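> Using only what follows, build the 3D model:
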Amino acid sequence: MVAKTFGSAVSGVDAKLITIEVNVGQGTSFYMVGLPDSAVKESQQRVESALKFFGYRMPRQKVVVNLAPADIRKEGSSYDLPIAMGILQASEQVVFPALEEYLIMGELSLDGALRPIKGVLPIAIEGRRRGYRGFILPRENAAEASIVNNLDIIGVETLEEAIHFLEGSLAIDPTVTETRDIFYHSLTDYEFDFSDVQGQENIKRAMEIAAAGGHNVIMIGPPGAGKTMLAKRLPSILPPLSLHEALETTKIHSVAGKLGASASLIAQRPFRSPHHTISDVALVGGGGNPQPGEISLSHNGVLFLDELPEFKRTVLEVMRQPLEERKVTISRAKVSVDFPANFMLIASMNPCPCGYYNHPEKECVCGPGVVQKYLNKVSGPLLDRIDLHVEVTPVRFDEMTSNRKAESSSAIRERVTNARERQVARFEGHKDVYCNAMMPSHMVKEVCVINDAGKALLKTAMERLGLSARAYDRILKVSKTISDLAGSDDIRVEHLAEAIQYRSLDREGWAG
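Have a look, this model is predicted:
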């Protein structure tokens, strides 16, 4: 007899339907076909042990399991449960009247318990799109899958529960999550707040501008000046995630297996801070079965690279294209996968190896040319994609001990959100442009119009400060963001003047 069950395979951040066909007939061998990897092939032992644990048997006949379509490679252990159910139906040990109405996924342990799997959310989305009645899966994954409505999410703890449910002898209430309520209640529930930061008003202002325009930032300053502290608080002033952005972000984390047990919709912008020993594949994504890297995990959020010159040059260079295109394409011989990567890059670095170049009190002990050599570890093309260069100085003692309450993240976020709303209205109708940082060069000339006084100031600044040509567009984009924060339709001279000061690393002679 032939039985069919349905599962899914995740490719990139989307899922594809997989049909698990089981045929039990004359013979004695077990065959698994349809391009399974080792983890899928090993399911025979897990399935046999789990069936025996609950009093069922593995047929001592010829068993053929086909995973269709046969040209897609099947990977992982999540096909255990649908294979087990197919074997029971095909061997006529159990009759499942509604077997083909459900998607079924789950990894079996030897005692029949179900272990959680990765990529549940895109599978549930695909199941709803295909019109399935429900999705049977490990209970630990039920909260994540229940984000998808119009699909019965049946969380089970053991193989026996799944069997009795499909037989009709056990009623299991579908897992229901009030997604919108949870989402809107958690939108602004951030662990870190700018009210914790004493002093550093100029750096907070730069962070506000970066958040308002979606600009990338590099902070240069001595150890202990507060660079990491400020970077961790940046997500708290970014505009709240939309429901669509939250779903997109959650899908990526689901595919990567980063959501954790009983996790639901991600309601806050992600903040990723990889160590400087990270490999280029871990940062961008890849592997035999392409998985999202750190830049995709920070999609719709912040990627923080602390001690930027300590990262391997190859790691930094692979970021150049994603920073421009806001997506990563992983190409293999038989497949090409796209991962979204629309993130804000926040980097920090010391000004020199000893950390005290340009320090107001401590003396730099680095020899001639050492500072420039240190800065040259970060390539020009990468710096070209960073709009704001901010010098961070140590906080003075009187500021640290002040009882004055610093401005909260919620107050800053309100101004940032208003500025972003102006940009969304401005770029309506322009595909893939939502904020000032995304403007291509031809659009900068149309949007960032400056008067004669502004042109004279910019010309003087570029000549006297030795600013490079690549700084020109960046200054105009940042000045437009400053004008949006001020509620102005025009770029005024004071907006340009403030934007010019955020190009420290472009000044000739900055490093001696």
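> Domain map for this structure?
2-167, 189-432 (automatic domain parsing).
> Thr177 is nearest to which of the ones you listed?
Distance to Thr177, taken as C-beta to C-beta, is lowest for domain 2-167 among the domains of the chain, at 4.1 Å. No exception for glycine: its C-beta is placed from N, CA and C like everyone else's.
> Let's see the distance spanning the closest one from one end to the other.
Using C-alpha to C-alpha, to the nearest Å, one end of domain 2-167 lies 18 Å from the other.
> export the helix or strand bottoming out on mean pLDDT in the chain as CSV, just CAs?
Every helix and strand of the chain was ranked by mean pLDDT, DSSP states H and E. The lowest is helix 397-400, at a mean of 70. This file holds the C-alpha atoms of helix 397-400, laid out as CSV (Å, rounded to 0.1, in the frame of the first residue of the first chain):
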residue,chain,number,x,y,z
PHE,A,397,34.1,63.7,35.7
ASP,A,398,31.6,66.4,36.4
GLU,A,399,29.3,64.9,33.7
MET,A,400,29.6,61.4,35.1
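> how about Asp80, what does it touch?
Asp80 sits next to 43, 46-47, 50, 106-108 when contact means C-beta atoms under 8 Å, 6 or more residues apart in numbering.
> switch the cut-off to 6 Å
Contact criterion C-beta atoms under 6 Å, 6 or more residues apart in numbering gives 43, 46-47, 107-108 as the residues in contact with Asp80.
> what distance separates the strand or helix carrying Ile123 from the centre of its chain?
Mapping Ile123 onto the secondary structure by DSSP states H and E places it in helix 120-129. Relative to the centre of its chain, helix 120-129 is centred 19 Å away, using C-alpha atoms, centre = their mean, to the nearest Å.
> Tell me the helices and strands packed up against it.
Taking 3 or more C-beta pairs under 6 Å, 6 or more residues apart in numbering; DSSP states H and E as the contact definition, the neighbouring helices and strands of helix 120-129 are strand 2-11, strand 14-25, helix 142-145, helix 243-255.
> Using JSON lines, lay out those together with distance to Gly466.
Formatted as JSON lines, the entries for the helices and strands packed on helix 120-129 read as follows, by distance: least, C-beta to C-beta, whole Å:
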{"stretch": "strand 2-11", "distance to Gly466": "49"}
{"stretch": "strand 14-25", "distance to Gly466": "49"}
{"stretch": "helix 142-145", "distance to Gly466": "53"}
{"stretch": "helix 243-255", "distance to Gly466": "40"}
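> Of the ones you listed, which stretch is the most buried?
helix 142-145 (a mean of 25; mean count of other C-beta atoms under 10 Å).
> ok, and what's touching that one?
Contacts with helix 142-145, where a contact means C-beta under 6 Å, 6+ apart, come from 120-121, 124, 135, 153, 155, 175, 177, 259, 262-264.
> Give the partner strands of the next helix or strand after it in its sheet and their orientations.
Stepping forward along the backbone from helix 142-145, the first helix or strand reached (DSSP H and E) is strand 152-156. Taking DSSP bridges as the criterion, strand 152-156 pairs within the sheet with strand 134-138 (parallel).
> just to revisit the earlier point, deepest-packed of the domains of the chain, please.
Ranked by average neighbour count under the criterion mean count of other C-beta under 10 Å, the domains of the chain are headed by domain 2-167 at a mean of 20.
> out of the contacts of Asp80, which are inside strands?
Judged by DSSP state E, the subset of these located in strands is 107-108.
> okay, the contacts of Asp80 in CSV with pLDDT next?
CSV is the format used below for the contacts of Asp80 (pLDDT from 0 to 100):
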residue, pLDDT
Ser43, 94
Arg46, 96
Val47, 96
Glu107, 96
Leu108, 96
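> Run a quick check on Val47 versus Gly86, I expect a contact.
No. With contact defined as C-beta atoms under 6 Å, Val47 does not reach Gly86; the gap is 9.7 Å.
> what sits against Val197?
Residues in contact with Val197 (C-beta under 6 Å, 6+ apart) are Ala406.
> ok, which stretches of the stretch 201-350 of the chain are helices?
Using DSSP state H, counting those that start in this stretch, the helices of the stretch 201-350 of the chain run over 201-213, 227-232, 243-255, 280-284, 294-297, 313-317, 320-325.
> Let me see the mean pLDDT of the third one.
It stands for helix 243-255. Looking at helix 243-255 alone, the average pLDDT works out to 91.
> could you give the angle of it to strand 2-11?
Computed with axes from the mean of the first three to the mean of the last three C-alpha atoms, to 10 degrees, the direction of helix 243-255 lies at 110 degrees from that of strand 2-11.
> Where does the closest residue to Ile209 other than its chain neighbours fall, secondary structure wise?
Once flanking residues are discounted, Ile209 sits nearest to Thr481: 5.5 Å by C-beta to C-beta, 6 or more residues apart in numbering. Secondary-structure assignment from DSSP H and E places Thr481 in helix 471-485.
> got a list of contacts for that helix?
The set of residues that contact helix 471-485 without belonging to it, under C-beta under 6 Å, 6+ apart, is 209, 212-213, 387, 419, 422, 436, 444, 448, 491, 495-496, 498-500, 503, 506.
> now it against helix 201-213, angle please.
With the same axes, to 10 degrees as the basis, helix 471-485 and helix 201-213 are set at 90 degrees to each other.
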